[in-house]
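Engineer: Mind looking at a prediction? Sequence and model below.
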Amino acid sequence: MTTTQPRIQWLGRWGFVLAATGSAVGLGNIWKFPYMTGEYGGGAFVLVYLVCILALGVPVMMAEIALGRRGRGSPIDAVRRVAAESGRSAAWSLLGWMAMLCGFLILCFYVVVAGWSFSYLWKMLSGGLAGGSVDDMVAIFAANNASPLNLGLWSTLVTVVTMLIVGKGVQGGIEKSVGWMMPGMVVMLLVLILYGVFSGGFSDALRFLFVFDAGSLSSEGLLAALGHAFFTLSLASGAILTYGSYLPAGASIARTTLTVAVADTLVALMAGLAIFPAIFANGMDPGEGPGLIFMSLPLAFQAMPLGTLFGVLFFAMLSMAALTSSISMVEATVSWLCDRQGLSRRAAAWVAGGVLWVISTLAMLSFNVGADWTLAGRHLFDWLDYLTSRWMMPLGGLGTALLVGFVLGAAPMREELGLSSAWHALWLYMVRYVSPLGILVIFVDALGIVSVEFATHWPFLLGLLLAISLGGELASPRLRRTLSDSTPSREGVE
Ligand code: PHE
């Protein structure tokens, strides 16, 4: 494949794993996963989230990396090239457009939350988190949000730092930090978990996270869990696809994907185990919403030995984790501005950063002067989250699955994935039937078109899946052709 500019490549598979893990592990794991679990009732949400990661997230992630590496370009260019290679319409690049926009819109609210993390790091360092009660913590969080100048300065800082790193180029900026940040984060979470084990609330947390109560999950919660599975793996937002475009030929996509997905899931579960004991021990409401970790964790840090040190380290790691994710959200846009609009990386980063600054500042105002600026009951901040996680990511995942499952010829994905016949058949089955049907059923249910009781209807749903896949395979001879050609070759063309 040729491109307009030579593309930077990761230093081997490991460089990619670090960067993709840096993208995946972020505020989604430590800020969003716990508060959504709290809002949607605990164990049932966690179970659906885990199933979505495995059944929908992993196959779609493999597809995205393969598309990126095959197309060697920004999501728009990569998808267009790969579609053209199979003689398909350039309209498929709309999928790339949506992904690029989705990543950018996420970043517009993500920098505000990253700003919270930076400001809490500062508060930890400067002693601004004193106060022993939940009410004190609620008041500190509210005061932090009440001043647009304060909040705006922190989100502006995040925007500037992100753009400085992105402007410098992928490798230099991203790879190095993740190698020590990830283990550091794991150690901090372990410290919190251990503290929870000894100080109470741990068994309540375990029960809340892992006891499955089928009645507690609403249709809305199901869609939230699906959207969050995509969000936490950085899918359908251009991030993983663009990083995939820097992956050297020959690196195993399946192994890489599993490494990233396992690391991401472990960090989220550890975050849950670290945070919920503090919530239950202090008698807080798990459904507190987006402020949950900022109100609960400082209480734990204040009570534990060496708490200030651990608190500083924790918020430093969280801020770093947020940055390695932010960088990846804007990478698609910057790579597109470079490849297609001929801008230098630095210019592209500042152009994107300018637009980002305007939108994120408006989103930041949702917490103070713009508290009344709502549309259909939602602030801009909420709208950005809602549109991306509930609509764009599931639809992007659906589009990607259909593209690689049915639209493209068999050879490109076979060559890129390089799996044995049996594994390839399993992957193909997942992207053709399990992922699309899973996404569609959750959508149909959440939109209220049909009300699905998963706990009682699952045998019917399984039957439906089997019937549709059987019908689909009988109607399409392509899978059989794929399977009979059992020696994948990197050079072969269909
Ligand atoms: N996966 C990141 C997190 O969990 C968020 C993200 C979404 C990053 C989309 C890139 C693209 O924090």
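Structural biologist: Everything's here; your move.

Engineer: Dihedrals phi and psi, Glu343?
Structural biologist: I think there's a mix-up here, since residue 343 is Leu and not Glu. Main-chain dihedrals, Leu343, degrees, to the nearest 10: phi -80, psi 160.

Engineer: from here on, count from 26
Structural biologist: Shifting the count to begin at 26 puts that one at Leu368.

Engineer: For Gly112, list the residues it contacts.
Structural biologist: Contact analysis of Gly112 by Cβ atoms under 8 Å, 6 or more residues apart in numbering lists Gly434. All C-beta atoms are positioned from the backbone trio N, CA, C, and that covers glycine.

Engineer: Secondary structure of it: a strand, I assume?
Structural biologist: No - going by DSSP: H, G, I helix; E, B strand; the rest coil, the assignment for Gly112 is coil, not a strand.

Engineer: What pLDDT does the model give it?
Structural biologist: For Gly112, the pLDDT comes out at 92.

Engineer: Also the one 5 residues further on?
Structural biologist: As summarised for this prediction, Trp117 has a pLDDT of 95.

Engineer: cool, and Ala401?
Structural biologist: With respect to pLDDT, Ala401 scores 89.

Engineer: Phe129: which element?
Structural biologist: helix 118-151 (DSSP states H and E).

Engineer: whoops, I mixed them up, Leu348
Structural biologist: Counting by DSSP H and E, the element that carries Leu348 is helix 332-366.

Engineer: got the CA coordinates for stretch 79-98 in CSV?
Structural biologist: Extracted in CSV, the C-alpha atoms of stretch 79-98 (Å, rounded to 0.1, in the frame of the first residue of the first chain):
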residue,chain,number,x,y,z
LEU,A,79,-15.0,-10.5,25.1
ALA,A,80,-17.8,-11.1,22.5
LEU,A,81,-17.9,-7.7,20.8
GLY,A,82,-14.8,-5.7,21.8
VAL,A,83,-12.0,-8.2,21.1
PRO,A,84,-13.2,-9.2,17.6
VAL,A,85,-13.8,-5.6,16.6
MET,A,86,-10.5,-4.5,18.0
MET,A,87,-8.7,-7.2,15.9
ALA,A,88,-10.7,-5.9,12.9
GLU,A,89,-9.7,-2.3,13.6
ILE,A,90,-6.0,-3.0,13.9
ALA,A,91,-6.1,-5.1,10.8
LEU,A,92,-7.9,-2.4,8.9
GLY,A,93,-5.4,0.2,10.1
ARG,A,94,-2.3,-1.9,9.1
ARG,A,95,-3.8,-2.9,5.8
GLY,A,96,-4.8,0.7,4.9
ARG,A,97,-1.8,2.4,6.5
GLY,A,98,-3.5,5.7,7.0
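
Engineer: The ligand contacts on this protein?
Structural biologist: Within reach of the ligand by Cβ under 6 Å from any ligand atom, the chain has these residues: 48-49, 51-54, 128, 131, 256-257, 259, 262, 264, 350, 353-354.

Engineer: Buried members of the residues you listed into PyMOL, please.
Structural biologist: Burial among the residues of the chain next to the ligand is assessed by 16 or more other Cβ atoms under 10 Å; the matching PyMOL selection reads:
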select buried, resi 48+49+51+52+53+54+128+131+256+257+259+262+264+350+353+354
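
Engineer: on that earlier part again, buried ones in the helix holding Leu348, by neighbour count?
Structural biologist: Residues 332, 335-364 are the ones in helix 332-366 that count as buried (16+ other Cβ under 10 Å).

Engineer: what helix or strand is the closest residue to Ser460 other than its chain neighbours on?
Structural biologist: Take Ser460 and drop its neighbours on the chain: the residue closest to it by Cβ to Cβ, 6 or more residues apart in numbering is Ala426, 4.2 Å away. Assigned by DSSP H and E, Ala426 falls within helix 418-427.

Engineer: which residues sit against that helix?
Structural biologist: So helix 418-427 is contacted by 81, 84-85, 88-89, 92, 120, 123-124, 127, 248, 251-252, 255-256, 260-262, 456-457, 460-461, 464-465, 467-468 (Cβ under 8 Å, 6+ apart).

Engineer: out of those residues, which are inside strands?
Structural biologist: Under the assignment DSSP state E, these contribute nothing to strands.

Engineer: Mind checking which of those land in helices?
Structural biologist: Among the contacts of helix 418-427, DSSP state H puts 84-85, 88-89, 92, 120, 123-124, 127, 248, 251-252, 255-256, 460-461, 464-465, 467-468 in helices.

Engineer: Could you turn the buried ones of these into a ChimeraX selection?
Structural biologist: If you want just the buried ones from those in ChimeraX, going by 16+ other Cβ under 10 Å, the selection is:
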select :84,85,88,89,92,120,123,124,127,248,251,252,255,256,460,461,464,467,468
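
Engineer: for the stretch 26-175 of the chain, which spans come out with low pLDDT?
Structural biologist: Residues of the stretch 26-175 of the chain that meet the criterion pLDDT under 70 lie in 26-37.

Engineer: and the residue of it nearest the ligand?
Structural biologist: Closest residue of the stretch 26-175 of the chain to the ligand, Cβ to the nearest ligand atom: Gly53 (2.1 Å).

Engineer: got the contact list for that residue?
Structural biologist: Counting by Cβ under 8 Å, 6+ apart, Gly53 has contacts His253, Phe256, Thr257, Ala293, Ser350.

Engineer: repeat for Leu298
Structural biologist: Counting by Cβ under 8 Å, 6+ apart, Leu298 touches Leu214, Ile218, Gly221, Phe227, Ala230, Leu231, Leu234.

Engineer: What is the burial count for Tyr454?
Structural biologist: Residues lying near Tyr454 (other Cβ atoms under 10 Å) number 18.

Engineer: Can you read off the pLDDT for the nearest residue to it once chain neighbours are set aside?
Structural biologist: The spatial neighbour of Tyr454 that comes closest, neighbours along the chain excluded (Cβ to Cβ, 6+ apart), is Ser494 at 6.8 Å. Listed pLDDT for Ser494 reads 91.

Engineer: got it, and the one 5 residues further on?
Structural biologist: The predicted local confidence for Leu499 comes out at a pLDDT of 84.

Engineer: any idea how far Ala492 is from it?
Structural biologist: 11 Å (Cβ to Cβ, to the nearest Å).

Engineer: With Ala80 instead?
Structural biologist: Taken as Cβ to Cβ, the span from Ala80 to Ala492 is 18 Å.

Engineer: who has more neighbours, those two?
Structural biologist: Comparing Ala80 with Ala492 by other Cβ under 10 Å, the one with more neighbours is Ala80, at 15 against 10.

Engineer: residue contacts, that one?
Structural biologist: Met455, Val459, Ser460, Gly463.

Engineer: Farthest-apart pair in the contacts of Leu298, please.
Structural biologist: Greatest spatial distance among the contacts of Leu298 (Cβ to Cβ): Leu214 and Leu231, at 15.1 Å.

Engineer: Neighbour count: these two, which is higher?
Structural biologist: Using other Cβ under 10 Å as the criterion, Leu214 and Leu231 rank with Leu214 on top: 23 against 16.

Engineer: Make sure Thr163 is actually in contact with Gly316.
Structural biologist: Just to correct that, residue 163 is Val rather than Thr. Yes - between Val163 and Gly316 a contact is recorded at 7.5 Å, counting by Cβ atoms under 8 Å.

Engineer: Overlap of the contact sets of these two?
Structural biologist: Residues touching both Val163 and Gly316 by Cβ under 8 Å, 6+ apart: none at all.

Engineer: Quick check: which ranges of the stretch 376-519 of the chain have low pLDDT?
Structural biologist: Applying pLDDT under 70 to the stretch 376-519 of the chain flags residues 503-519.

Engineer: and if we set it to 90?
Structural biologist: 395-397, 401-402, 434-435, 467-483, 497-519 (pLDDT under 90).

Engineer: Do you have the helices of it handy? List them.
Structural biologist: For the stretch 376-519 of the chain, applying DSSP state H, counting those that start in this stretch gives helices covering 405-411, 418-427, 435-442, 446-454, 460-471, 479-500, 503-509.

Engineer: Okay then, goodbye and thanks.
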